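> Here's my sequence, what's the structure:
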Amino acid sequence: MKKIGLLVKETLENRIKNSFKLSNGLIVVKYSGVASPDMSGLRKTLKTTGSDLFVVKNSVARRAMKELGLNDLIKFIDSPCGLIFFKDEPIDVSKILCAFRKDHEKLILEGGIIQEKLLTLKDIETMSKLPTKEVLRAQLVGALNGPVVKLVLVLNQTLKKFVYCLDQIKQGKLK
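Numbers count the residues shown, from 1 in each chain. Next up is the predicted model:
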């Protein structure tokens, strides 16, 4: 029979593994010095993007990451840290984290991983400055729609000139 502490650690380890398998990636943050109500607010904000902030003991996180083959992330886990698993857009998560960090300087963004690519703090900050998927779609639609609108306007002007010319001929002003 296993001890309760060991069962709890195994359960947490399995939760990390399952969360990682169901997500598009994860970001490691250090939260030492950030007030608990502020962390709760961050959790709620992250939930709106389909992300989860998971706090666990370092030994459990290291063991789970080692089993997942995330050896590059193990170096980030050395003090109280949280794992943020995101399913949808990493851009939305990075915007939330960078905005939160402006008000709470003690939150440290260590790094993360997206589809087997290691992220650094600079990568996360760069992602936070990118436009969202909806804005990019709107820009693409505008770019694709622009030439079509110009073509319609040019063809319309040509048709107007032709009608004007026929009207002038009808009135006998042009021969």
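
> Contacts only, for Ala61.
By CB atoms under 8 Å, 6 or more residues apart in numbering, Ala61 lies in contact with Ile16, Ile77, Cys81, Leu83. Where you see a C-beta, it was placed from the backbone N, CA and C, and this is true even at glycine.

> Strands of the protein, start to end?
25-30, 51-55, 81-86, 108-114, 117-119 (DSSP state E).

> So in that sheet, which strands flank the second one, and in what orientation?
As defined by DSSP bridges, the strand partners of strand 51-55 come to strand 81-86 (antiparallel).

> same question, the last one
Strand 117-119 sits in its sheet next to strand 108-114 (antiparallel), going by DSSP bridges.

> Let's see if you can find the most crowded of the contacts of Ala61.
Most neighbours among the contacts of Ala61, by other CB atoms under 10 Å: Leu83, with 24 neighbours.

> What separation do you get for the closest residue in space to that residue that isn't next to it in sequence and Gln168?
Excluding the flanking residues, the one nearest Leu83 by CB to CB, 6 or more residues apart in numbering is Phe54, at 4.8 Å. Plainly put, Phe54 is 77 Å away from Gln168 if you go by CB to CB, to the nearest Å.

> Of the two, which one has the most company?
Between Phe54 and Gln168, counting by other CB under 10 Å, Phe54 is the more crowded of the two (16 against 12).

> Need the pLDDT of Pro37.
For Pro37, the pLDDT comes out at 92.

> returning to that earlier point: a markdown table please, covering the strands of the chain and showing distance to Val8 and mean pLDDT.
As requested, the strands of the chain are exported to a markdown table (distance: least, CB to CB, whole Å; pLDDT from 0 to 100):
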| stretch | distance to Val8 | mean pLDDT |
| --- | --- | --- |
| strand 25-30 | 21 | 91 |
| strand 51-55 | 14 | 90 |
| strand 81-86 | 17 | 91 |
| strand 108-114 | 25 | 90 |
| strand 117-119 | 30 | 88 |
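
> Quick one, which of the ones you listed gets closest to Ile96.
strand 51-55 (8.0 Å; CB to CB).

> Identify each buried residue in that closest one, please.
Ser51, Asp52, Leu53, Phe54 (16 or more other CB atoms under 10 Å).

> Please name the bridge partners of the second one.
It stands for Asp52. Beta-bridge partners, per DSSP bridges, of Asp52: Phe85.

> mind checking how far it is from Lys2?
With CB to CB as the criterion, Asp52 and Lys2 are 27 Å apart.

> quick one: low-confidence ranges for the protein?
1, 173-175 (pLDDT under 70).

> the helices in it, which residues?
Using DSSP state H, the helices assigned to the chain run over residues 4-22, 36-47, 58-68, 71-74, 90-103, 121-128, 133-171.
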